[in-house]
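S.K.: next comes the sequence, and after it the predicted model I'd like to discuss.
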Amino acid sequence: MIPNYQEFMRPFLEIAYAAKGQEVKLRDVINELADKFNLSENEREETLPSGKQSILDNRVGWARTYLSKAGLLEVTRRAHFIITDRGITALKDKEAAIDKKYLKQFDEFIAFTEQKSEGSETIETASIDTEEITPDEALRAAYKTINNSLAQDILERTRKVTPAFFEDLLIELLVAMGYGGTGEGAAHALGKSGDNGIDGVIDQDPLGVDQIYIQAKRYAQGNNVGSGDIRDFFGALNLKKAQKGIFITTSDFTSSATQTAKDLGMRIVLINGKELAKLMLRYNIGSRDEQVLHLKK
């Protein structure tokens with residue numbers, strides 16, 4: 001029998017710890033875990049109903065996701081990771097069952113599992129009891145959990161890309177949202193201007209009658225954009241006699257920055273890292289549809 005994803009957590013950490021500070025590859029861990037639990041070839045190859053992923057890969061993948069969200073693993077690059085000091089400490093407690101209940105002691109994990117959507121109550125999607133809710137609610141809660149996890153992964157990877165890649169990514173996103181008319185035109189419009197606080201400009205329509213100026217900051221988490229950056233952007237927009245601008249960051253905006261943008265007599269849209277990741281998911285930038293489920297009525 002294939003273990004559930006929580007049963008994979010401790011042995012997963014043990015394999016990462018055995019690497020002695022070196023990064024390990026997810027595929028290698030999956031193979032080691034399959035050997036450790038003496039899984040048959042049929043069990044290793046058994047797939048989800050979609051037929052696109054094995055049950056083993058899916059469960060080990062979710063074990064890795066929860067461990068990384070709780071700070072016990074650190075993702076170094078795609079499908080590679082190392083164990084953290086917190087993960088080592090968890091292993092030292094031989095009596096501890098490393099599962100979702102154990103991970104709830106960490107603020108990062110709580111922040112991941114309890115995410116509030118606009119206009120809705122907080123739902124702990126990662127540990128919801130399907131016996132207490134309707135099938136519709138369970139399905140939507142699972143959908144939200146998967147998307148929240150993917151959004152965070154996309155954002156973390158976006159923070160690590162090169163400036164040129166980041167620029168291309170924003171071009172692709174804005175074109176997908178309907179700006180610029182064509183990819184070629186948008187790429188030209190969002191060229192490397194670096195012009196007095198303006199990182200780029202993109203046509204709002206195919207003919208370029210109306211334009212939107214852009215400022216983009218690829219900042220690490222915690223390095224938030226302040227009010228001074230907003231005022232600088234406002235001044236640059238005034239020089240261009242522009243009426244609207246978009247300020248995008250992979251981190252967040254301070255409360256004073258948000259208030260400054262509201263107080264200024266110009267339309268400045270602020271997009272923080274969380275909103276950027278959601279837009280990327282909505283427009284399939286950096287992601288793709290794996291499976292579509294149709295609810296019949």
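M.R.: Structure's in. What do you need?

S.K.: check whether V29 really touches A63, as I assumed.
M.R.: No. With contact defined as C-beta atoms under 8 Å, V29 does not reach A63; the gap is 9.3 Å. Yep, even glycine has a C-beta here, placed from its N, CA and C like the rest.

S.K.: and the helices in this structure?
M.R.: 9-18, 26-36, 41-45, 55-69, 85-92, 100-103, 107-113, 135-158, 163-176, 183-189, 227-239, 255-263, 273-282 (DSSP state H).

S.K.: out of these, nearest to R78?
M.R.: Nearest to R78, of all these, is helix 135-158, at 7.3 Å by C-beta to C-beta.

S.K.: quick one: buried residues of the closest one?
M.R.: 138, 141, 144-145, 147-156, 158 (16 or more other C-beta atoms under 10 Å).

S.K.: follow-up on the earlier one: worst mean pLDDT among the helices of the chain?
M.R.: Note on these: lowest mean pLDDT is at helix 183-189, with a mean of 54.

S.K.: how close does V175 sit to Y219?
M.R.: 24 Å (C-beta to C-beta, to the nearest Å).

S.K.: ugh, wrong one, I212
M.R.: For I212, the distance to Y219 - C-beta to C-beta - is 21 Å.

S.K.: more neighbours: which of the two?
M.R.: I212 (20 against 16; other C-beta atoms under 10 Å).

S.K.: now the more buried one: how far from L237?
M.R.: Relative to L237, I212 is positioned 10 Å away (C-beta to C-beta).

S.K.: now swap in T260 and tell me
M.R.: 13 Å.

S.K.: count residues in the vicinity of A70, would you?
M.R.: Neighbour tally, A70, other C-beta under 10 Å: 26.

S.K.: what's the overlap in contacts for I212 and L237?
M.R.: Common contacts of I212 and L237, defined by C-beta atoms under 8 Å, 6 or more residues apart in numbering, comprise K244, G245.

S.K.: contacting residues for R157?
M.R.: Counting by C-beta under 8 Å, 6+ apart, the residues that R157 touches are R78, G286.

S.K.: can I assume D57 is in contact with N31?
M.R.: No. Checked against C-beta under 8 Å, the pair D57 and N31 is beyond contact range at 10.5 Å.

S.K.: neighbour count winner among those two?
M.R.: Neighbours per residue, other C-beta under 10 Å: of D57 and N31, the larger number sits with D57, 17 against 14.

S.K.: ok, and the closest non-adjacent residue to the more buried one?
M.R.: I30 (6.1 Å; C-beta to C-beta, 6 or more residues apart in numbering).

S.K.: what's the burial count for the one you found?
M.R.: Here the number of neighbours of I30 (other C-beta under 10 Å) works out to 21.

S.K.: ok, it - contacts?
M.R.: I30 touches L56, D57, V60, counting by C-beta under 8 Å, 6+ apart.

S.K.: 10 Å instead, please
M.R.: I30 is in contact with F8, F12, I15, R44, S54, L56, D57, R59, V60, G61, R64, counting by C-beta atoms under 10 Å, 6 or more residues apart in numbering.

S.K.: likewise for F253?
M.R.: Contacts of F253 (C-beta under 10 Å, 6+ apart): 217, 224-227, 229-230, 247, 259-261, 270-273.

S.K.: would you mind measuring from M280 to N238?
M.R.: 30 Å.

S.K.: wait, E45
M.R.: For E45, the distance to N238 - C-beta to C-beta - is 63 Å.

S.K.: same deal with E74?
M.R.: 43 Å.

S.K.: what of R140?
M.R.: In terms of C-beta to C-beta, R140 sits 45 Å off from N238.

S.K.: residues near M280, how many?
M.R.: 22.
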